[in-house]
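Undergrad: Quick one, structure for this:
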Amino acid sequence: QFRIDYLESIGFVWAMKRVGREAYPDQYSQPDPGAISRIVEEERPRHDDLPPSAPEALKARVNVGKRLAKALQEYLDNDSVRLIQTYEKPKKVDPRWKARYTELVHYLIEHGNCNVPSRYGPLGTWVRKQRRDYKDGRMSQFRIDYLESIGFVWAMKRVGREAYPDQYSQPDPGAISRIVEEERPRHDDLPPSAPEALKARVNVGKRLAKALQEYLDNDSVRLIQTYEKPKKVDPRWKARYTELVHYLIEHGNCNVPSRYGPLGTWVRKQRRDYKDGRMSQFRIDYL
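TA: Purely as a prediction, here's the structure:
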């Protein structure tokens, strides 16, 4: 228990999870200044000097305690280290992933959803990879939370040449606000002693928080989404479906003969698509 207490006092994490080639903590822990202070008191020698008659083993043990107490006290006194840790703690995903995620947020603001086509350059490729990683169980919970907060859909179903979400998801303003708080810098400036890699990572977090805040502040985007969400089938299909409803009103059923012009051809295609498993659940529900 002594070793456990010592390690946990400085924010030691007990489990790591591999995501691709990187390893991330399963959960984040922060050093506890109170516990560190207690250890400093325990390890600091009670007297300045041991008597000359003290055994060599005892002298060595006391010197180890002195160095330990000195190191822990240096941590407590070092404001720049503590400041850096306020940025380090929320590092749940790597900067390159965050940068691409920020692009996805901008796509959401522009298009009202996160359904980026594969042909949409690097972002489309990245989105496809997220779905594959999720399906294969290779995605961390942090990335899942970030993506789901903006209404990311994990599965798409191909209908003809088009791909549609298997189910619809809506961004969660509360979850987005929490991520903004996590990513927004705790202080205006990092100390000059901060590593360059950390400065770059903080800048990525700033851009991410700014993009998410822009989404939250953009009423027109939120309004578009109230119309986008029900868009489960394309307009041409809806127009033909409306013809079928009129046929139902007139004839009392949907059994349109094949010889009944374009509507008959369309009805026959719906049955074939359903039989071949190429019809989305949304179209099935409508029919």
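Undergrad: Where does pLDDT dip in the stretch 101-250 of the chain?
TA: For the stretch 101-250 of the chain, the stretches with pLDDT under 70 are 157-169, 186-191, 193-194, 198, 219-234.
Undergrad: Which parts of it are helices?
TA: 121-135, 141-149, 173-183, 196-217, 219-228, 235-251 (DSSP state H, counting those that start in this stretch).
Undergrad: Which among those helices is found nearest to Y274?
TA: Nearest to Y274 among the helices of the stretch 101-250 of the chain is helix 235-251; the distance by CB to CB comes to 13.4 Å. C-betas here are computed from N, CA, C, even on glycine.
Undergrad: helix, strand or coil for the most far-flung residue of the chain relative to its centre?
TA: Within the chain, S53 marks the point farthest from the mean C-alpha position, 61.4 Å out by CA atoms, centre = their mean. Put simply, S53 is coil when judged by DSSP: H, G, I helix; E, B strand; the rest coil.
Undergrad: The helices of the stretch 101-250 of the chain: which one's closest to K98?
TA: helix 196-217 (4.9 Å).
Undergrad: could you check the angle helix 141-149 makes with the closest one?
TA: Relative orientation of helix 196-217 versus helix 141-149 (axes from the mean of the first three to the mean of the last three CA atoms, to 10 degrees): 30 degrees.
Undergrad: If you count neighbours, what's buried in helix 196-217?
TA: By neighbour count on 16 or more other CB atoms under 10 Å, the buried set for helix 196-217 is R201, V202, V204, G205, R207, L208, A209, A211, L212, Q213, Y215.
Undergrad: Pull the most distant pair out of these.
TA: Spatial extent of those (CB to CB) is set by the pair R201 and Y215 at 21.6 Å.
Undergrad: circling back: K59 versus the residue farthest from the centre of the chain, what's the distance?
TA: In this view, S53 and K59 are 11 Å apart by CB to CB, to the nearest Å.
Undergrad: one step back: let's have the helices of the stretch 101-250 of the chain in CSV, adding distance to L68.
TA: Formatted as CSV, the helices of the stretch 101-250 of the chain follow (distance: least, CB to CB, whole Å):
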stretch, distance to L68
helix 121-135, 42
helix 141-149, 33
helix 173-183, 33
helix 196-217, 26
helix 219-228, 54
helix 235-251, 71
